[in-house]
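Visitor: From the sequence below, what's the structure:
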Amino acid sequence: MGRESLEKYIFENQLSSCMNNTKWTELISEITKNKNFNPSVNIKYLFDSENNELFSPVWWEEVERDGFNLIEWLEINPIKTTHIGRLVKPKTEDFSDFIENGLKKHSIPFDLNDGIFKVYGYRRKTT
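Guide: From the prediction side, this is the model:
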């Protein structure tokens, strides 16, 4: 994707930029600094017509290589689930405070809906 094509898409779809490379780097650094938590995320890229709504850990180097400027939004699941066995209920840990503190520390705007943090790379114009 060339820069001109991206700028044309952003203009034609009336998108407002909310993040930049520095903010994305700060976000990733912050949510990955706790070695006990590997965040599961759901990423929607600008040119994706749909999103599978599935959360999974990601290789952040690949996301950066593809380009932060292509991320429309990123959702972060703050719950870590550890499966113990087939007959035992999974152990869960909530990292909501950890994530929220990191987002606020770097003044990264976010929404919180049903316990899921959503960071917008771009916002679409609402009518």
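
Visitor: With adjacent residues omitted, what lies nearest to Ser96?
Guide: Leaving aside its sequence neighbours, Ser96 sits nearest to Pro78 (CB to CB, 6 or more residues apart in numbering; 4.2 Å). Backbone N, C-alpha and C define where each C-beta goes, glycine included.

Visitor: no, scratch that, I was asking about Lys80
Guide: Glu93 (4.5 Å).

Visitor: Show me what the helix or strand encompassing that neighbour packs onto, helices and strands only.
Guide: Glu93 is part of strand 91-94 when elements are defined by DSSP states H and E. Packing contacts for strand 91-94, counted by 3 or more CB pairs under 8 Å, 6 or more residues apart in numbering; DSSP states H and E, involve strand 79-82.

Visitor: Run the chain-centre distance for the strand it packs on.
Guide: 17 Å (CA atoms, centre = their mean, to the nearest Å).

Visitor: what's that strand in contact with?
Guide: 36-38, 90-95, 115 (CB atoms under 8 Å, 6 or more residues apart in numbering).

Visitor: Do me a favour and average the pLDDT over that strand.
Guide: On average, the pLDDT along strand 79-82 is 91.

Visitor: Likewise for stretch 114-127?
Guide: For stretch 114-127, the mean confidence score works out to 89.

Visitor: for stretch 17-36, same thing?
Guide: pLDDT averaged over stretch 17-36 gives 94.

Visitor: pull the CA atoms of it into CSV?
Guide: Extracted in CSV, the C-alpha atoms of stretch 17-36 (Å, rounded to 0.1, in the frame of the first residue of the first chain):
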residue,chain,number,x,y,z
SER,A,17,-6.3,10.0,12.9
CYS,A,18,-6.1,9.3,16.6
MET,A,19,-2.7,7.7,16.9
ASN,A,20,0.8,8.0,15.5
ASN,A,21,3.9,5.7,15.4
THR,A,22,5.2,7.1,18.7
LYS,A,23,1.8,6.4,20.5
TRP,A,24,1.6,2.9,19.1
THR,A,25,5.1,2.2,20.2
GLU,A,26,4.4,3.5,23.7
LEU,A,27,1.2,1.4,23.9
ILE,A,28,2.9,-1.8,22.9
SER,A,29,5.8,-1.2,25.2
GLU,A,30,3.5,-0.5,28.1
ILE,A,31,1.1,-3.5,27.6
THR,A,32,4.0,-6.0,27.1
LYS,A,33,6.2,-4.9,30.0
ASN,A,34,4.6,-7.3,32.5
LYS,A,35,6.2,-10.7,31.9
ASN,A,36,3.2,-12.4,33.5
